[in-house]
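> Sequence first, then the predicted structure:
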Amino acid sequence: MSILAARGLKKYYRSSGGLFLRGGRLVRAVDGVDIDLEKGKTLGLVGESGCGKSTLARLLMRLEEPTEGTLEIEGTDFLSLKGGELRRARRMIQMIFQDPYSSLNPRLTVGSTIAEGIRIHRLARGAEVERKVGELLGKVGLPRAAYSRYPHEFSGGQRQRIGIARALAVEPDIIVADEPVSSLDVSVQAQIINLLADLQKDLGLTYLFVAHDLGVVQHVSDRISVMYLGKIVESAHAGELFSAPLHPYTEGLIASIPTAQPGRRIRAAIRGDVPSPVDIPAGCPFRTRCPKAFGRCGEDAPGLVEVSPGRHVACWLHEG
Amino acid sequence: MPEELLRIDSLKTVFHTEAGTARAVDGVSFTVGRGETVGLVGESGCGKSVTALSIMRLITDPPGRIESGSIFFEGRDLLSLSEKEMRKVRGNEISIVFQEPLSSLNPVFTCGEQIREAIALHQKLGRRESRERAIEMLRLVRIPDPEKRYGSYPHQMSGGMRQRVMIAMALSCQPKLLIADEPSTALDVSVQAQIIELLAELRDSMDMAILLITHDLAVVAQMAERVVVMYAGAVVEESPVRELFASPAHPYTKGLMDSIPRLGQGLERLPMIPGTVPDPLELPQGCRFSDRCPQRFDRCAVEPPLFELPGGRRARCWLRCGRDA
């Protein structure tokens, strides 16, 4: 059952065009994306920088208003909510950010940071707030003494735990995690991934896990969607996507990951750079870098079609 | 074993801060052979980048200071050279490529001009010749349309292209040693693979040694012949690459390898190293890794030396005392 459903989400920005130019060019950051989050499951969203994955995450949080499209959370039209209704609905979906250094207020103690959401949403009052915060600290593996300390006294991994406790404080159903482990060291990264998995099991949370590291995404996700230049180009069960990728971009990404096996020379499977989102190639957006591009790819863009149950791909090679 | 090119001996680099003295590099020794690629691996704060900056003598003093030790390059101790002599070594014989190409390039000069300047300075070539050589370098690092790209400013290029420019600049004087400090970390996966492939090809064709500094064991597995693992300012393990991955000798190396999520692995919990890297201001007594080590025992209260193991391996762990790797 899907707890969050987005249809045809688009976010276009007008670039400023520089100091001496008037008007700007249209940046199609998110260009018609459908997303379904299944209750209690994790959807991994992968893509390289500039593919629109973070913008998409912000649209789902309504930190940005979409140019077009619909968004339903638990059956309510999230985009039409205003004022108090929106504030109440926001409790359902919370975010964890990439940079645990800049996403915490340096002037607030850890306790007040976590308590803020509880107070705003009136989930507890008085001494009860403090008890709840203490419980949350325990849940994310921080000592109770952290309550009255400040963010700068903690390491990157511990700060990410604070960020997780803050997100959990308002008892959300959905967590949007935008590159939650990419700024952490390998040994700490594993701790946070395991913590997120434990919390999901205990609390029945639904995750959207946004990351560029395919190894990490594969480990945490039930399903994975691959984004390229504002569009989803492939979506499948995690295992399937890696064992038999259908889209040439997915295939190239998987082949580009260095493996920890000595002697295996790395192969740059995708040539060139991601085109600028103001200058998206006509037709299939990936065709300029695709080793399998042919005539049709330059003519029109392939849509995302279901090629087998639960398996979607946008490529003329896999048409229906 | 290739002939020795670089030998670092008991290097100690410290930073004096208000909170105390941080022993960033605390008695590090290793060598790099001619034409050899050595991976220097560790997590943030382990001292790998400070080691690189010490080799180049780019430690800002104060607050930093190379306290003791020596760095022999082709038999000369770099630490005893005058600043003027050192300037001839930098860029000419040893070059460095940093992680963030955008902040390493000057935004107000074209990329080509910056490479040309490096060439003109070190090789005493005229404007036309150095320009031609710069274009040649751009072609070497596979920048398409190098004549035209010569006139591009850093902001007009993508991250991958800028890193190619940095590599072109670093290699323009055909150094004997290239220090690559996280050369592909800031790049996207697809571009990261391109840069590593390029570095590997250039190393083979130019016959230079590379000291590859990275936190990414997979990148090391692909490129290095020998690996030096650092933890909290000290070398904890050194080994040829195959042996390291086949049987890590130090519990820290093993922990690092196990905690990387691998493709094709199921959804079971990731093995992890508990705790965090120690504060360089307050290094633990005894073995630096002991407070996080699953195999700790009473001897770990005393810091172990770097034991020599068969097969050219070394490990700083009491478990390896008098045993085979």
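Everything's here; your move.
> what's the burial count for residue A:151?
21 (other CB atoms under 10 Å in any protein chain shown). Using the backbone N, CA and C atoms, a C-beta is placed for each residue, glycine as well.
> Isn't it up against residue A:110?
Yes: Residue A:151 is in contact with residue A:110 according to CB atoms under 8 Å; the separation is 6.8 Å.
> Could you tell me which residues touch both of these two?
Each of residue A:162 lies in contact with both residue A:151 and residue A:110 under the rule CB atoms under 8 Å, 6 or more residues apart in numbering or on different chains.
> and the residue of the stretch 1-150 of chain A nearest chain B?
Relative to chain B, the nearest point of the stretch 1-150 of chain A is residue A:48 (3.8 Å; CB to the nearest CB).
> Contact partners for that residue?
Counting by CB under 8 Å, 6+ apart, residue A:48 makes contact with A:212, A:228, A:274, B:188, B:189, B:190, B:191.
> Walk me through the domains of chain B.
By the assignment in automatic domain parsing, chain B contains the domains B:4-93+B:177-277, B:103-174.
> Pipe these into TSV and attach mean pLDDT, distance to chain A and mean neighbour count per row.
Below are the domains of chain B laid out as TSV (pLDDT from 0 to 100; distance: least, CB to the nearest CB, whole Å; neighbours: other CB atoms under 10 Å in any protein chain shown):
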stretch	mean pLDDT	distance to chain A	mean neighbour count
domain B:4-93+B:177-277	91	4	20
domain B:103-174	90	4	18
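> Looking at these, which is nearest to residue A:105?
Of all these, domain B:4-93+B:177-277 sits nearest to residue A:105, with 22.1 Å by CB to CB.
> How far does the closest one stretch from one end to the other?
Terminal residues of domain B:4-93+B:177-277 lie 32 Å apart, using CA to CA, to the nearest Å.
> in the stretch 201-320 of chain A, which spans are helices?
For the stretch 201-320 of chain A, applying DSSP state H, counting those that start in this stretch gives helices covering A:214-220, A:238-243, A:248-256, A:295-299.
> how about the third one as PDB, C-alpha atoms only?
What follows is helix A:248-256, C-alpha atoms only, in PDB (Å, rounded to 0.1, in the frame of the first residue of the first chain):
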ATOM      1  CA  PRO A 248      22.200   1.800 -20.300                       C
ATOM      2  CA  TYR A 249      22.700   4.500 -17.700                       C
ATOM      3  CA  THR A 250      22.000   2.200 -14.800                       C
ATOM      4  CA  GLU A 251      24.300  -0.400 -16.400                       C
ATOM      5  CA  GLY A 252      27.000   2.200 -16.800                       C
ATOM      6  CA  LEU A 253      26.700   3.500 -13.200                       C
ATOM      7  CA  ILE A 254      27.000  -0.100 -11.800                       C
ATOM      8  CA  ALA A 255      30.000  -0.800 -14.000                       C
ATOM      9  CA  SER A 256      31.700   2.500 -12.800                       C
END
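> Would you pull up how far it lies from the middle of the chain?
Distance, stretch centre to chain centre, for helix A:248-256: 20 Å (CA atoms, centre = their mean, to the nearest Å).
> For it, give me every contacting residue.
Helix A:248-256 is contacted from outside by A:46, A:214, A:226, A:228, A:233-234, A:241-242, A:245, A:266-270, A:286, A:289-292, A:315, A:317, B:189-190, B:192-193, B:263, using CB under 8 Å, 6+ apart.
> Would you mind listing which of those residues are buried?
Buried members of the contacts of helix A:248-256, counted by 16 or more other CB atoms under 10 Å in any protein chain shown: A:46, A:214, A:226, A:228, A:233-234, A:241-242, A:245, A:266, A:268-270, A:286, A:289-290, A:315, B:189-190, B:192-193.
> Across the sheet, point out what pairs with the spatially most central residue of chain A.
What sits nearest the mean C-alpha location of chain A, by CA atoms, centre = their mean, is residue A:210, with 2.7 Å. Beta-bridge partners for residue A:210, by DSSP bridges, are residue A:45, residue A:178.
> shouldn't it be in contact with residue A:179?
Yes: here residue A:210 lies in contact with residue A:179, judged by CB under 8 Å, at a distance of 6.1 Å.
> Tell me which of the contacts of helix A:248-256 fall in strands.
Judged by DSSP state E, strands contain the following of the contacts of helix A:248-256: A:46, A:226, A:228, A:233, A:234.
> out of these, who's nearest residue B:200?
Using CB to CB as the measure, the one of those that approaches residue B:200 most closely is residue A:46, at 25.6 Å.
> thinking that closest one is in contact with residue A:215, fair?
No: assessed by CB under 8 Å, residue A:46 is found out of contact with residue A:215, at 10.5 Å.
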